[in-house]
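# Here is my input; please provide its structure:
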Amino acid sequence: MTNRIENFKKLINYFEQNTIEYALLGRKQNLEEIIEGDIDIVVSQQYFKKIEQILDKFCQKNNLLFIQNIQHESTAKYMIISDKSDHSIICPDICSHYVRDARLLIENKLLLANTTLIDVQGFKVRTLNPQHEFLYYFLKKIDKANIGEREFNHLKKQYDLIKSNKKLISLDKNFSKETIYEINKIFSTQDITLLNKRLVDYRNELHSKKTKHWMFLVKDILLKIKRIYKKTGLTIAIMGSDGCGKSTIIKALSKSMEPAFRNVHYYHLKPTDKKIHGVDTTNPHGQKPYSFSKSLLKLGFLITQYNFGFIEVFKKNIKSTFVIFDRYYDDILIDKLRFRYGAPIFFARIASFFIPKPKLYFLLDASGEVIFKRKKELSIQEIDRQRDSYLKLFRSKKNYYIIDASKEVDFVTYNIETIILSYLNKRL
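Reported below is the predicted structural model:
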């Protein structure tokens with residue numbers, strides 16, 4: 001059981017107490033459904049301009065962390081809030097006007113002028129009346145050309161409420177009379193098959209009536225430029241000897257941190273998705289080191305590989321991706337036999353200055369005895385030697401964190417999450 005529902009309630013109560021004009025959008029069968037993914041909320045232009053300050057004050061008041069502000073449209077921001085105690089996350093997706101791909105589909109004034117209070121499992125929340133909920137949700141799904149059974153059922157429920165109140169669906173500014181007649185027929189007969197057949201036609205008609213506006217086009221260009229220098233993704237490296245639990249922790253982090261980003265991507269050691277064939281990973285010290293000259297050539301190759309590979313990492317960070325490295329270049333300074341490196345370590349240290357760096361490094365630290373019980377690939381003496389080298393490296397660097405890996409998985413994961421969430425909050 002997490003604090004997500006309670007934190008959602010606190011957010012809505014905060015809006016109400018501070019008379020912030022808002023309306024909750026989309027499906028609202030129960031509170032679990034509302035917080036399941038993005039929590040779509042429309043606010044007035046006045047409050048959208050200062051929504052960061054509003055959420056920051058809300059978080060400070062309620063012992064929460066405001067960790068992400070991902071602006072995906074000129075009029076929409078994906079705001080991510082984390083609970084300091086259990087690290088659970090809620091994701092308010094807050095918009096002013098509803099704009100998609102530089103097309104103004106609905107003005108926020110129209111939506112906010114047609115709201116009503118509803119009861120969801122004993123909790124009062126402000127939402128759109130059925131007529132305007134249908135309008136918003138239908139245009140949203142038509143623009144995306146994606147209506148599944150759940151989405152259709154939500155629209156059908158709004159349609160039935162509209163008809164029971166002896167009103168009409170408000171689509172005259174978006175579609176022709178013939179199309180509106182057909183849409184009415186689809187929902188009165190529950191013909192989802194016909195709707196899906198006509199989705200692309202409806203979207204084309206909608207786009208012909210809602211053309212792209214130059215102002216939003218300019219804002220979109222500026223937004224793309226902003227994403228380059230203010231990236232909302234994050235790159236980390238998980239390091240440690242074989243058996244310290246890297247794979248288990250990475251799997252746990254990938255799941256727990258996923259809501260804080262748009263995507264999660266995994267790399268092993270190097271920034272490439274290509275699998276290395278013919279390497280015996282069960283015996284990392286089983287091959288002879290390269291000669292001095294070949295080792296130096298290998299350093300040059302690694303510098304090139306990491307820098308070119310980081311172009312893709314850079315792109316992923318722009319697109320709000322959480323990039324996790326299982327090991328990193330720094331491992332050559334600890335365990336050069338794994339890299340078959342045969343030259344003095346001095347040259348590898350020089351080369352490290354030309355290697356792009358993750359934002360955060362985590363060392364999963366445990367004694368040789370503990371790690372040897374988990375995985376018997378290396379001797380206890382070699383594990384202890386590596387541990388001493390890792391600790392020396394991590395204690396001399398900024399943003400390098402030592403985590404006690406002898407504890408339970410949940411404890412280790414929680415400690416790493418705490419550092420990541422704090423970093424994201426300070427980065428805003």
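
# use CA for all of it now, contacts and neighbours both
OK.

# how close does Val313 get to Ile221?
Going from Val313 to Ile221 by C-alpha to C-alpha, to the nearest Å gives 22 Å.

# Which of the two has more residues huddled nearby?
Taking other C-alpha atoms under 10 Å, Val313 and Ile221 do not tie; Val313 has more neighbours (24 against 11).

# pretty sure that one is touching Lys270, no?
No. In this structure Val313 lies outside contact range of Lys270 using C-alpha atoms under 8 Å: 10.7 Å.

# could you list every residue that touches the residue most central in space within the chain?
The centre of the chain sits closest to Phe261, judged by C-alpha atoms, centre = their mean, with a distance of 1.1 Å. Going by C-alpha atoms under 8 Å, 6 or more residues apart in numbering, Phe261 touches 232-233, 320-322.

# For the residues you listed, could you give me CSV that also reports neighbour count, pLDDT and secondary structure?
Formatted as CSV, the contacts of Phe261 follow (neighbours: other C-alpha atoms under 10 Å; pLDDT from 0 to 100; DSSP: H, G, I helix; E, B strand; the rest coil):
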residue, neighbour count, pLDDT, secondary structure
Thr232, 25, 96, coil
Gly233, 25, 97, coil
Ser320, 20, 96, coil
Thr321, 23, 98, strand
Phe322, 24, 98, strand
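
# Buried residues, the top helix by length along the chain. List them.
Longest helix of the chain, by residue count under DSSP state H: helix 292-318. Neighbour-count burial for helix 292-318 flags 295-296, 298-299, 302-303, 306-307, 309-310, 313-314, 316-318 (criterion: 16 or more other C-alpha atoms under 10 Å).

# closest to Asp143 among the residues you listed?
Proximity of those to Asp143 (C-alpha to C-alpha) peaks at Ile318, which lies at 24.4 Å.

# what's the nearest residue to the closest one if we skip its chain neighbours?
Closest residue to Ile318 apart from its sequence neighbours, by C-alpha to C-alpha, 6 or more residues apart in numbering: Lys231 at 4.8 Å.

# Quick check: that neighbour vs Arg198, distance?
Where Arg198 is concerned, Lys231 sits at a distance of 38 Å (C-alpha to C-alpha).

# for Ile416, same thing?
To Arg198, Ile416 is 48 Å away according to C-alpha to C-alpha.

# who's more crowded, those two?
In this view Ile416 and Arg198 are compared by other C-alpha under 10 Å, and Ile416 has more residues nearby, 20 against 16.

# neighbours of Gly37, just the number please.
Residues near Gly37, counting by other C-alpha under 10 Å, number 14.

# from what I can see it touches Cys91, true?
Yes. The pair Gly37 / Cys91 is scored as a contact, 6.8 Å apart, by C-alpha under 8 Å.

# Sheet-wise, list the partners of the helix or strand harbouring His265 with their directions.
Element membership for His265 (DSSP states H and E) is strand 263-268. Applying DSSP bridges, strand 263-268 is found paired with strand 321-326 (parallel).

# Looks to me like Lys141 is in a helix.
Yes. The assignment for Lys141 by DSSP: H, G, I helix; E, B strand; the rest coil puts it in a helix.

# just checking, it touches Gly148?
No. Using C-alpha under 8 Å, Lys141 is not in contact with Gly148; the gap is 9.4 Å.

# Neighbour count: these two, which is higher?
Using other C-alpha under 10 Å, the more surrounded residue of Lys141 and Gly148 is Lys141, with 16 against 10.

# How about that one, nearest residue that isn't a chain neighbour?
Excluding the flanking residues, the one nearest Lys141 by C-alpha to C-alpha, 6+ apart is Ile147, at 6.0 Å.

# thought Lys316 was touching Gly233?
Yes. Judged on C-alpha under 8 Å, Lys316 makes contact with Gly233 at a distance of 7.0 Å.

# any common contacting residues for the two?
Residues touching both Lys316 and Gly233 by C-alpha under 8 Å, 6+ apart: 322-323.

# Now do the buried residues in whichever strand or helix holds Gln158.
Using DSSP H and E, Gln158 sits in helix 149-164. For helix 149-164, burial by neighbour count (16+ other C-alpha under 10 Å) applies to 152-156, 158-159, 161-162.

# which residues are contacting that helix?
Identification of contacts with helix 149-164 by C-alpha under 8 Å, 6+ apart yields 27, 130-131, 133-134, 137-138, 168-169, 187, 190, 192.

# For ChimeraX, write a command that selects the buried ones of those residues.
Here is the ChimeraX command that picks out the buried ones among the contacts of helix 149-164, judged by 16+ other C-alpha under 10 Å:
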select :27,130,131,133,134,137,138,169,187,192
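
# Identify the residue with the minimum pLDDT among the contacts of helix 149-164.
pLDDT across those is lowest for Leu168, at 80.

# Can you tell me, leaving aside adjacent residues, what's nearest to it?
Ile162 (6.5 Å).

# how close does the one you found sit to Ala23?
Between Ile162 and Ala23 the computed distance is 18 Å (C-alpha to C-alpha).

# same check, this time on Asn263
To Ala23, Asn263 is 28 Å away according to C-alpha to C-alpha.

# What of Arg198?
Arg198 sits 30 Å away from Ala23, going by C-alpha to C-alpha.

# What of Gln29?
Taking C-alpha to C-alpha as the measure, Gln29 falls 16 Å from Ala23.

# okay, these two: which has more neighbours?
Neighbours per residue, other C-alpha under 10 Å: of Gln29 and Ala23, the larger number sits with Ala23, 27 against 12.

# Fine, thanks again, bye for now.
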